[in-house]
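Visitor: based on what follows, work out the 3D shape:
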Amino acid sequence: MATTKTTAKKTATGAAAAAKSTNVSSNKDAKPAKIENSEFHEFFVDELKDIYWAEKHLSKALPKMKKAATSEALAAAFEKHTEETKTHIATLEQVFELLDEKAQAKKCDAMEGLIAEGEGIIEDTDAGTMIRDAGLILAAQKVEHYEIATYGTLVVFAQNMGRTDVAELLQQTLNNEKATDVALTEIAVSAINEQAAAE
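Guide: Residues are numbered from 1 along each chain as shown. Presented below is the predicted three-dimensional model:
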């Protein structure tokens, strides 16, 4: 009789251990579940609205930067990124649609300040100088770094929410922002900074 109880106890313990092992394994391999309508989802959407405002206002600022540039290469880079920024806006609108959210813009204080800084550089430098171009690149790269930080974080947020569809779209924009930053550096090094230092 005692043997039967001991055997039953061992069997139950073994089953519990197996179940626990199975749960650990399944939890480890499980993909993050969607957490729509959660506080985190609302925060994510709020940040999308922030960068949406930023992109829309940047699309208006870039043509002014192009007009102020002396270097043809820099002017062409600003023109190219103006078109790319319009694509970024369309991508964000697609993201809002995937999330069943209305595409709304919320004022981005950071971008407002960065754009104002770029305008200040134009006002404080002489037209037709490489010093102005060097300043424009500085201002533009500050913008790019802000966008890279924002999109990089939003990609991770979307992945944590299980929204790989949204993450993939945002990753495309992130890749483009990084490429623009590299292109601006190349222009500065090859055509701008040395001449600016000599002026």
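Visitor: so residue 155 sits against residue 175, correct?
Guide: No. Using CB atoms under 8 Å as the test, residue 155 is too far from residue 175 to be in contact (10.0 Å). For the C-beta atoms, the positions are set from N, CA and C on the backbone; glycine is no exception.
Visitor: looking at the two, which one has more neighbours?
Guide: Just comparing residue 155 and residue 175: by other CB atoms under 10 Å the higher neighbour count belongs to residue 155, 19 against 12.
Visitor: any idea which element the more buried one lies in?
Guide: Residue 155 is located in helix 130-160, with elements delineated by DSSP states H and E.
Visitor: buried residues, that helix. List them.
Guide: For helix 130-160, burial by neighbour count (16 or more other CB atoms under 10 Å) applies to 130-137, 139-141, 143-144, 146-148, 150-151, 154-155, 157-159.
Visitor: C-terminal to it, what's the next element?
Guide: Of the helices and strands lying after helix 130-160 in sequence (DSSP H and E), the nearest is helix 164-187.
Visitor: other SSEs contacting the helix or strand just after that following helix?
Guide: Per DSSP H and E, helix 164-187 leads on to helix 193-198 as the next helix or strand towards the C-terminus. For helix 193-198, the packing partners by 3 or more CB pairs under 8 Å, 6 or more residues apart in numbering; DSSP states H and E come out as helix 130-160.
Visitor: tell me which strands and helices the helix it packs on is in contact with?
Guide: By 3+ CB pairs under 8 Å, 6+ apart, helix 130-160 packs against helix 39-68, helix 72-98, helix 109-124, helix 164-187, helix 193-198.
Visitor: turn the ones you listed into JSON lines, including mean pLDDT.
Guide: Converted to JSON lines, the helices and strands packed on helix 130-160 look like this (pLDDT from 0 to 100):
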{"stretch": "helix 39-68", "mean pLDDT": "97"}
{"stretch": "helix 72-98", "mean pLDDT": "98"}
{"stretch": "helix 109-124", "mean pLDDT": "97"}
{"stretch": "helix 164-187", "mean pLDDT": "98"}
{"stretch": "helix 193-198", "mean pLDDT": "96"}
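Visitor: sweet, I'm off.
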